[in-house]
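A.B. asks: what follows is a predicted protein model with its sequence.
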Amino acid sequence: AQSVTQPDIHITVSEGASLELRCNYSYGATPYLFWYVQSPGQGLQLLLKYFSGDTLVQGIKGFEAEFKRSQSSFNLRKPSVHWSDAAEYFCAVGLYNFNKFYFGSGTKLNVKP
Amino acid sequence: GAGVSQSPRYKVAKRGQDVALRCDPISGHVSLFWYQQALGQGPEFLTYFQNEAQLDKSGLPSDRFFAERPEGSVSTLKIQRTQQEDSAVYLCASSLGGQPGRETQYFGPGTRLLVL
């Protein structure tokens, strides 16, 4: 079945530590890939996106993500987490000529002081 | 410029009541989307408009859900005879209307609906 999987429901990291949030997808064609962040009471804010070309993409707030076709993955990374990064993160997939996005179930990030 | 706005931000309804949720997209955005986000879940697609035309309503869960965008800008999502399972956050998103699937969608803050 076609799906977007974020295997980690909750992750806790210490401030200043590195972060990696996982996202896997199962769609036939290479999808368009997005990471969004949602803070409490806020809408989804785009962090970064991948369409083609360089498989390592840079986003806002110091985030980056790497597309690995062989693993059907698009993991989000940050070298040093700040307390303000505490939020919920969603991976989303867009497909060619399909308008809707397909979202994973999200990973909630807690940051310890 | 202003982002996507939604109103009301919170809505409490008694089971069986009708509700109307409003979305103001970013000015000039051709495409408009509605998503439903249940507690602890990612957003799920409900429906899509290109200007005033509703091109995809495959995600609407029942015929109690109805959406419109009569002048190609503001959109309203209406839920008739609300049920407890309709409790969720309803997100609206808009995009410029470029190539489907790869166009960034900009999201509003959502309307949190609680049906008692």
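C.D. replies: Good, I have the coordinates. As the structure is a computational prediction, the values presented were derived from the model and not from experiment. Residues are numbered from 1 along each chain as shown, chains lettered A, B, ... in the order given.
A.B. asks: what about the residue in chain A positioned nearest to chain B, neighbour count?
C.D. replies: Proximity to chain B, evaluated over chain A using C-beta to the nearest C-beta, is greatest for A:F103 at 3.3 Å. All C-beta atoms are positioned from the backbone trio N, CA, C, and that covers glycine. Neighbour count for A:F103, taken as other C-beta atoms under 10 Å in any protein chain shown: 22.
A.B. asks: Three-state assignment for the spatially most central residue of chain B, please.
C.D. replies: Central residue of chain B (C-alpha atoms, centre = their mean): B:W34, 3.0 Å from the mean position. With DSSP: H, G, I helix; E, B strand; the rest coil as the basis, B:W34 sits in strand.
A.B. asks: now do the contacts for it.
C.D. replies: Neighbour list for B:W34: B:23, B:45-48, B:67, B:75, B:77, B:90-93 [criterion: C-beta atoms under 8 Å, 6 or more residues apart in numbering or on different chains].
A.B. asks: same question for B:S87.
C.D. replies: B:113-115.
A.B. asks: what do you get if the cut-off is 10 Å, keeping everything else the same?
C.D. replies: Contact analysis of B:S87 by C-beta atoms under 10 Å, 6 or more residues apart in numbering or on different chains lists B:12-13, B:38-39, B:112-116.
A.B. asks: can I have the buried ones of those residues as a ChimeraX selection?
C.D. replies: Buried residues within the contacts of B:S87, by 16 or more other C-beta atoms under 10 Å in any protein chain shown, are selected in ChimeraX with:
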select /B:13,112,113,115
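A.B. asks: go through the contacts of B:S87 and flag which are in strands.
C.D. replies: Among these, the members falling in strands (DSSP state E) are B:12-13, B:112-115.
A.B. asks: closest to chain A out of those residues?
C.D. replies: B:R112 (8.7 Å).
A.B. asks: may I have the beta-bridge partners of that closest one?
C.D. replies: Following DSSP bridges, B:R112 is listed with bridge partners B:Y10, B:V89.
A.B. asks: picking that back up, from B:F49, how far off is the residue nearest to the centre of chain B?
C.D. replies: 9 Å (C-beta to C-beta, to the nearest Å).
A.B. asks: and for these two, which residues touch both?
C.D. replies: Common neighbours of B:W34 and B:F49 (criterion: C-beta under 10 Å, 6+ apart): B:23, B:57, B:67, B:69, B:75.
A.B. asks: among these, which two are most distant?
C.D. replies: Maximum pairwise distance in the shared contacts of B:W34 and B:F49, criterion C-beta to C-beta, is 15.2 Å, between B:C23 and B:K57.
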